[in-house]
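**Q** Predicted coordinates and the sequence they were generated for:
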Amino acid sequence: MSSSSGISVSILELYPEELEASGERGNVTALKTRLERAGHRADVVQHTVGRRLPKDPDIVVIGNGPVSAVRAVHDDILDNAAALRSLADDGVPFFAVGAGAELLGAGITLADGTVLEGVGIFPFSARRGVPRQVGYIVVETAQGTVVGFEDNASEWNLEAGAVPLGAVTSGGGNGNGREGVLAGSSVATQTKGPILPLNPSLSDALIRAALERRDEAYAPSAPHAELDRLAAKSREVIVANVKSVFTTI
Amino acid sequence: MRYIAPVLVGRAVRAVTRARGGGSALPGYVVNKMAPGFIKNVVAQFEYGIVFVLGSNGKSTTTHMLTEVLRAHGLTVFTNPSGANLPQGISSALLSEVGVTGKLKADIGILEVDEAFALELSKTLLPSTILMLNVQVDQLYRFFETEVVADMMLDTAAVATSHVISNRDDAYLSKIGEILDAKGAQVPDVTYFGASPKLVASSAHGLFNAANHREKASGATLDALAELESWDSTGARIRVDGALADISLPAKGLHYGVDAAAALATAAKVLGADFDLAKASAAFSAMTPAYGRGELLDFGDEKVEFVMFKNAASLQLNLDALPAAPEQVMVAIDEGTPDVSWLYDIDFAQLDHVDVLTGAKAWQFALRLEHEGIPVGTIEPDLKKAIELMRALPAPQTGHKTWVVNYEQMMLARKIIGYGDMEVSF
């Protein structure tokens, strides 16, 4: 345990202006808060279009956004593709949501047939323009039950042998009963928004992977108890209301 | 004469739905089915035509402001009840005003319209003037792509037969002039309202308008016919066509000041030479708060101030408008706000604590506040019990308690404390 002598952990947030359209800033907040409550320092560094990619992050986070935002960052992320892939190869955990995850996959086929090349960290490709899935989603994963809110018109096709985040028990997910995709300790998910605050087990797995690279042990303890209690209660209500119907236009 | 039967049937339906204790869009639906030409015929009678008020936030407030300003100029105004902005709600509202032969005595119609239905409705209602307020990230589950929402408004604006009034400070809506120019359209003419750049720069979170990733900002500053210069707890200072006016606001906040500028710019265009800034100011002085927007209601010997939100922008701008951290706070949020992902985009620095958190989404809200280290007294998902907990607190020194509520919880809370009137009351 390192609560007496914490280390400094760097969280790299990719394209916060474009790709945090559905509250994915909350994922950064959750990682930072849990690290701090474990006695570490969390430095959030941001990468924006046209700037140099910050060096040596411990965790990389990217979020969701509309197609116009994907186009706005596309050239920049391809310019940095080699650097991002080398981070992933070194075992730096990525947590990627929605459109940001799709940019880190093999590629995105848009509704009009255009294909946007991806960075190739996650073993899947995305196809847009399928019927939209909106509402609560429940997924059984290796980290236990993961709940959240999905809102996408995107189908994820995993490459042969790729491992999904889990199996959907309620909701749409990738479109074939599975949700998300894993690459080592990295997670890509269709469950948008602040999924990490709601699912501390996912946060802890990412933090553990990041700290292992630094030879630091990690385990949540008393300072995390209230976060975990409120997350558990939130999840209980979501599971109870999972069939709520949401109108879409 | 051909409307007598449908109108009478519609009214009967209305009487029944009212007797059952609620507002309803059903009567309008019934009349639409029985007499599809009914609405077109009614609105053709308005001398000043129809004004559509569109926007992610502020539609009800601005419709109310514009209505009162025009009434102060002697016009008879037909308007839809706050929030009744879907097609059937609008038909129902018309139905409650017309005579059985389909005659409606009004000079102008001012209608807040849901952006998703605006273009469709414009085919029936043929609006002369369209006011566009803002594109903000609204209910995420419904309009994820903000540019889709922007296009719904921009496409509707292009069909106005006289005037378009648009927000100079909105990254999407400020493009309407260029869009119409590119089409070579002679009508409608385009007028802007806005907030002074200095004021926006000094506001904690700006105007909270959506980012435009599609088009680059032109960099040019467009002229605004009405520009908000400042606001405070008593009102706003707005420059209209070069003349300064200090007006009172029915609710406090930067966004309400911008709404007032929008209403004044629209009134000035609709009335032309008959627009009188003194009459407009007098109308603002007499205005009562719109439903749930800064209203003070009786709660035993105390008062309750309702701060209503429906999305990130309205919550942030309403929090920013609080003069200080409220002394006693209840927050109520339920499944009426389906997707609360945006809670993590909100800066809660204006709250130093919450006394009671209630509603089905209370736990998610509490989880958010726990990440900020903002203490929460009690989490009580049942609203009735939560209100009793608030009642049991000692009288606040400010004389009022602050309830931050989503629309659905506001309606329930009003009923529980004895204000059971429905906002949508046909």
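**A** That came in fine, so what should we check first? Numbering: from 1, shown residues only, chains lettered A, B, ... in the order given.
**Q** elements contacting the longest strand anywhere in chain A?
**A** Looking across chain A with DSSP state E, the single longest strand is strand A:124-141. Strand A:124-141 sits against strand A:107-109, strand A:144-158, strand A:166-170, helix A:225-240, with contacts defined as 3 or more CB pairs under 8 Å, 6 or more residues apart in numbering or on different chains; DSSP states H and E. Every residue, glycine included, has its C-beta placed from N, CA and C.
**Q** In TSV: those, plus mean pLDDT and mean neighbour count.
**A** Below are those laid out as TSV (pLDDT from 0 to 100; neighbours: other CB atoms under 10 Å in any protein chain shown):
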stretch	mean pLDDT	mean neighbour count
strand A:107-109	97	18
strand A:144-158	93	22
strand A:166-170	95	18
helix A:225-240	95	17
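**Q** a markdown table for the ones you listed, including distance to residue A:10?
**A** Below are the helices and strands packed on strand A:124-141 laid out as a markdown table (distance: least, CB to CB, whole Å):
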| stretch | distance to residue A:10 |
| --- | --- |
| strand A:107-109 | 28 |
| strand A:144-158 | 25 |
| strand A:166-170 | 28 |
| helix A:225-240 | 22 |
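**Q** in chain A, which spans are strands?
**A** Counting by DSSP E, the strands of chain A are A:8-14, A:41-47, A:59-62, A:94-97, A:107-109, A:115-117, A:124-141, A:144-158, A:166-170, A:178-179, A:181-183, A:186-189, A:191-192.
**Q** Neighbouring strands of the last one in the sheet, and parallel or not?
**A** Looking back up the chat, that one is strand A:191-192. strand A:144-158 (antiparallel) (DSSP bridges).
**Q** Restricting to C-alpha, output the partner strand in PDB.
**A** Once non-C-alpha atoms are left out, strand A:144-158 reads as follows in PDB (Å, rounded to 0.1, in the frame of the first residue of the first chain):
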ATOM      1  CA  GLY A 144     -18.600  -7.800 -12.500                       C
ATOM      2  CA  THR A 145     -21.800  -6.100 -13.700                       C
ATOM      3  CA  VAL A 146     -21.200  -2.900 -15.500                       C
ATOM      4  CA  VAL A 147     -24.100  -0.500 -16.000                       C
ATOM      5  CA  GLY A 148     -24.500   2.800 -17.800                       C
ATOM      6  CA  PHE A 149     -26.300   4.700 -20.500                       C
ATOM      7  CA  GLU A 150     -25.900   4.000 -24.200                       C
ATOM      8  CA  ASP A 151     -26.800   6.300 -27.100                       C
ATOM      9  CA  ASN A 152     -25.300   5.300 -30.500                       C
ATOM     10  CA  ALA A 153     -26.100   4.300 -34.000                       C
ATOM     11  CA  SER A 154     -23.000   2.300 -34.400                       C
ATOM     12  CA  GLU A 155     -22.200  -1.400 -34.800                       C
ATOM     13  CA  TRP A 156     -18.900  -2.700 -33.700                       C
ATOM     14  CA  ASN A 157     -17.400  -5.700 -35.500                       C
ATOM     15  CA  LEU A 158     -14.600  -7.300 -33.500                       C
END
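**Q** so how far is it off the chain centroid?
**A** On the basis of CA atoms, centre = their mean, to the nearest Å, strand A:144-158 sits 11 Å off its chain's mean C-alpha point.
**Q** picking up where we left off before, in CSV: the strands of chain A, plus distance to residue B:378.
**A** CSV is the format used below for those (distance: least, CB to CB, whole Å):
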stretch, distance to residue B:378
strand A:8-14, 33
strand A:41-47, 30
strand A:59-62, 33
strand A:94-97, 33
strand A:107-109, 46
strand A:115-117, 49
strand A:124-141, 26
strand A:144-158, 24
strand A:166-170, 30
strand A:178-179, 35
strand A:181-183, 40
strand A:186-189, 33
strand A:191-192, 30
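**Q** between these, which gets nearest to residue B:89?
**A** The minimum distance between residue B:89 and these falls on strand A:124-141, with 23.2 Å, by CB to CB.
**Q** mind listing what's buried in that closest one?
**A** Within strand A:124-141, the residues scored as buried using 16 or more other CB atoms under 10 Å in any protein chain shown are A:124-128, A:133-139, A:141.
**Q** What is the nearest of those residues to chain B?
**A** residue A:134 (5.0 Å; CB to the nearest CB).
**Q** Contact partners for the residue of the stretch 151-300 of chain B found nearest chain A?
**A** Proximity of the stretch 151-300 of chain B to chain A (CB to the nearest CB) peaks at residue B:213, 4.0 Å away. Neighbouring residues of residue B:213 by CB atoms under 8 Å, 6 or more residues apart in numbering or on different chains: A:18, A:65, A:66, A:68, A:69, A:71, A:72, B:147.
**Q** Nearest spatial neighbour of residue B:108, chain-adjacent residues omitted?
**A** Nearest non-adjacent residue to residue B:108, counting by CB to CB, 6 or more residues apart in numbering or on different chains: residue B:48, 3.8 Å away.
**Q** Can you list the low-confidence ranges for the stretch 151-300 of chain B?
**A** Within the stretch 151-300 of chain B, the segments meeting pLDDT under 70 span B:218-220.
**Q** before we move on, what about chain A?
**A** Within chain A, the stretches with pLDDT under 70 are A:1-4, A:244-249.
**Q** now the residue lying closest to residue B:382 once chain neighbours are set aside: how far from chain A?
**A** Leaving aside its sequence neighbours, residue B:382 sits nearest to residue B:358 (CB to CB, 6+ apart; 6.9 Å). Using CB to the nearest CB, to the nearest Å, residue B:358 is found at 12 Å from chain A.
**Q** Bridge partners for the nearest residue to residue B:195 once chain neighbours are set aside, pull those for me.
**A** Once flanking residues are discounted, residue B:195 sits nearest to residue B:228: 4.3 Å by CB to CB, 6+ apart. Judged by DSSP bridges, the bridge partners of residue B:228 are residue B:195, residue B:238.
**Q** my read: residue B:228 touches residue B:194, true?
**A** Yes. Assessed by CB atoms under 8 Å, residue B:228 is found in contact with residue B:194 at 7.2 Å.
**Q** Quick check: residues of chain B near chain A?
**A** Near chain A, the residues belonging to chain B are B:116, B:137, B:140-147, B:211-214, B:335, B:338-339, B:341-345, B:360-361, B:363-364, B:366-368, B:370-371, B:379, B:381 when assessed by CB under 8 Å from any CB of the partner chain.
**Q** For residue B:66, which of the helices and strands packed on strand A:124-141 is the nearest?
**A** strand A:144-158 (33.6 Å).
**Q** tally of neighbours for residue A:206?
**A** 26 (other CB atoms under 10 Å in any protein chain shown).
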